[in-house]
Structures are given as structure tokens and as C-alpha cells.
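S.K.: the following comprises the amino acid sequence and a computationally predicted model.
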Amino acid sequence: MLSCYIIYITDLLKYSFHYGDGTQGNMEIVKEILEWKIRRNALILAHNYTRPEIQDIADFVGDSLELSRKAAECHAPVIVFCGVRFMAETAKLLSPESIVLHPNPLPGCPMADMASPEEIRAYRAKHPDAGRRIRQHHGGYQNGGGHLLHQRQCGKTSRLPAAGQASALPSRRQPGANIAAKLGRKIELWPGRCPTHNKILPEHITAARQRHPIAIVLVHPECVPAVVALADHALSTGGMLRFVHESAQKEFIIGTECGILHRMRKENPDKAFYPLEPAVLCPNMKRITLEDVLNSLRDMSPAVELEEEVLRRARAPIDRMLEVR
Ligand code: SF4
């Protein structure tokens, strides 16, 4: 009990230190969240793109792959997942014994919805060989919830596979095109795209480099190939965070959803971060609020529910995704 109390006080101090300047209105609600978190023995996971105040109350903040790994290893009785729906479903797949709360069930990912189970079934019936090669190489790059993933051979990650891993597998258009360019291989591309990253244009890089000539440009592999070609590096959000932390450089232009700037600035106060385009915000990632988190912990709802069949069959592609380093 004493250790729970110490965790509660430490979390509260961390939050009040960060928000000691004008966001005090949140303090009451944060206090309540922390109390309920202890009462429920819950772990809060948040994606790098969520609202800053959500990131600040989370036990762990990361990209989709890091959050999946955390869900698989945490063994928490209750996981509060702050991200889009397919990610919360992935957490449930990896931690079926846990109650996985998705505080606002509305946020789906438009890109994940660009491939339905029926379309995947039809694709595999038409291209049985692609399915076999997917099994052999398991380098796929896909978003999808449990219902979609059990039709697939591999899950999704934003990290580019090493040379030789990718083959002729259906992949989302932007990262798939970037992987094909990097490996010099032909990849059949699924007609999916991220509407948020598609807002980033090559002219944004040119203009940003003029404003900040010594800054390093980092973009996400979801960006179109013309943008990736102009950047210094294309990295997952987790990769970007490691890069800026380890780099001796002091200025960075960031080409991904702007939520990540909060964490970058917080963890690297001696460095400067500029958004490549400030309008790059994912409305789905921003939907979950502190009130939603509090309500879900208090009511233990909405919880992610997946059918037994989906839980069983979707596990293999997720496990293959976790093998990607
Ligand atoms: S940023 Fe793009 S891929 Fe990520 S959740 Fe939003 S729409 Fe989906």
C-alpha cells in the first residue's frame, strides 16, 4: 500500500511540475485519474501522437510497436489504451487476460479501414503465392484491428525491414513505396494511405530548410516518397526519439504528427524542434481526453472485446510483427 501511495505522489508531482503554469484546471481530474489507476491496478499506455496531457499521465508513451511490446510483457490486470482502435485491439490480442479499456471508442484509423477482411480474403484467393511469400518473409507493413489481422500473415510496424526481408506482399502505399525504393525490390502496394501524413508536401521541406538551415529533417515513412527523398532520415516515431536523443545536433525539423513534439521537447530541453507542417494533426489520435480516461477507469468501460476465433487467429501475425527489430 505504501508503494502505491509513493507512486501516486510521484506521478502527481511530475504532472504538477510540468503543468505548473496555467493548466491547473486539469489537476483535479489528474488527481482522480491517479487515484482510480491505483484502485484498479491499471497501466496507462499512450501513443506518441496523443494529446500532451494524456502523454503526461501515461505510464508508458511510445509508437505502435513499442506499445504492443509493452502490452505483451506488462501482465497488468487493467490496461488503459490511449490510441486508435486497432492499437487497443492489438493490446487485447497480446494481453488477453487483461481488461483493455479504450477510453473513447470512436477513434479508428482511416488508413486501417482502407482494407476490409473481405478485401484481404479476395486478394489472397487471387494471389495465393503472395500469401506463401508473406509467410516466408514476414516483412509486411499493415495497420489493422483484430478482425483484419486474422486474415493477414503479418501485422504493422513503421520500421523499414532490413534488406531481403520484404518480398511481393501487399503493403500500404506510402511505406510500401518507400521500402521498395530502399530495397530496389518490386512490391505490390495496397491502395491505402494515411490522410494525416499525406498533408506533408515536398515544398514544406524546402521552406523549412530555408527557415532553419542547420536543422536535420526527419520524416515518417508514411510520407509520400517525394517527401522521404528530400529528408535526411525516414524513421518511425520511436526511431525519431532515439535519433534526436543520441544526436550531437541541436536543431531538428520533424515531419510527422505534431503530438510527438511534446515528448521530444520534454525529453531534450537543450534542443530545438520545429514542425515541418503545423497542420499535421491526426484528429483520431487527439480524441481521447483526460475526462475519457477518468470515466473509463471509474466505469471500467468501454472495454475491448474480441471473439475467441479472432483472438486465436490474429495472434500469429502480431507475433511476427514483434519479431521485427
Ligand atoms: S496518423 Fe495516420 S496512420 Fe496514424 S492513426 Fe492517424 S490516420 Fe492512422
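M.R.: Now that the structure is in, tell me what you want to look at. Numbers count the residues shown, from 1 in each chain.
S.K.: drop to CA atoms for contacts and neighbour counts, all remaining ones
M.R.: Noted.
S.K.: host element of the residue lying closest to residue 216 once chain neighbours are set aside?
M.R.: In this structure, residue 216 finds its nearest non-sequential neighbour in residue 252, 4.7 Å apart by CA to CA, 6 or more residues apart in numbering. Residue 252 belongs to strand 251-255 when elements are defined using DSSP states H and E.
S.K.: does the ligand sit close to that strand?
M.R.: No: against the ligand, strand 251-255 shows no contacts by CA under 6 Å from any ligand atom, the least distance being 11.6 Å.
S.K.: so which residues make contact with that strand?
M.R.: 200, 208, 212, 214-220, 244, 261, 271-277 (CA atoms under 8 Å, 6 or more residues apart in numbering).
S.K.: kindly report the same for stretch 87-103.
M.R.: 64, 67-68, 71-72, 75-83, 85, 144-146, 288, 292-293, 295-297, 300-306, 311, 314-315, 318.
S.K.: give me phi/psi at residue 236?
M.R.: phi -60, psi 170 (degrees, to the nearest 10).
S.K.: please apply the same query to the one 10 residues further on.
M.R.: Main-chain dihedrals, residue 246, degrees, to the nearest 10: phi -90, psi -20.
S.K.: residue 45 now?
M.R.: phi -110, psi 140.
S.K.: in the helix or strand hosting residue 295, what's buried?
M.R.: Assigned by DSSP H and E, residue 295 belongs to helix 290-299. Within helix 290-299, the residues that count as buried by 16 or more other CA atoms under 10 Å are 290, 292-298.
S.K.: mind jotting down where the strands sit in this protein?
M.R.: 42-47, 60-62, 78-82, 99-101, 171-172, 189-190, 216-219, 233-234, 251-255, 272-275 (DSSP state E).
S.K.: mean confidence score for the second one?
M.R.: I take that to be strand 60-62. Strand 60-62 carries an average pLDDT of 96.
S.K.: try the last one
M.R.: Throughout strand 272-275, pLDDT has a mean value of 98.
S.K.: report the buried residues of it.
M.R.: 273-275.
S.K.: same for it, what does it pack against?
M.R.: Applying 3 or more CA pairs under 8 Å, 6 or more residues apart in numbering; DSSP states H and E, we find strand 272-275 packed against strand 251-255, helix 260-267.
S.K.: and if you look at the first one?
M.R.: The criterion is 3+ CA pairs under 8 Å, 6+ apart, and the helices and strands that strand 42-47 contacts are helix 52-57, strand 60-62, helix 64-74, strand 78-82.
S.K.: Provide the strand pairings for the shortest one, with the direction of each partner.
M.R.: For strand 60-62, the paired strands and their directions (DSSP bridges) read strand 42-47 (parallel).
S.K.: quick one: residues in contact with the strand it pairs with.
M.R.: 37, 54-55, 57-64, 67, 76-83, 285.
S.K.: and the residues you listed, which are buried?
M.R.: 37, 54-55, 57-58, 60-64, 67, 76, 78-83, 285.
S.K.: what are the buried residues along stretch 303-314?
M.R.: 303-304, 306, 310-311, 313-314.
S.K.: apologies, that question was intended for stretch 210-225.
M.R.: 215-225.
S.K.: considering those, which is situated nearest to the ligand?
M.R.: When the buried residues of stretch 210-225 are compared for distance to the ligand (CA to the nearest ligand atom), residue 222 wins out at 7.5 Å.
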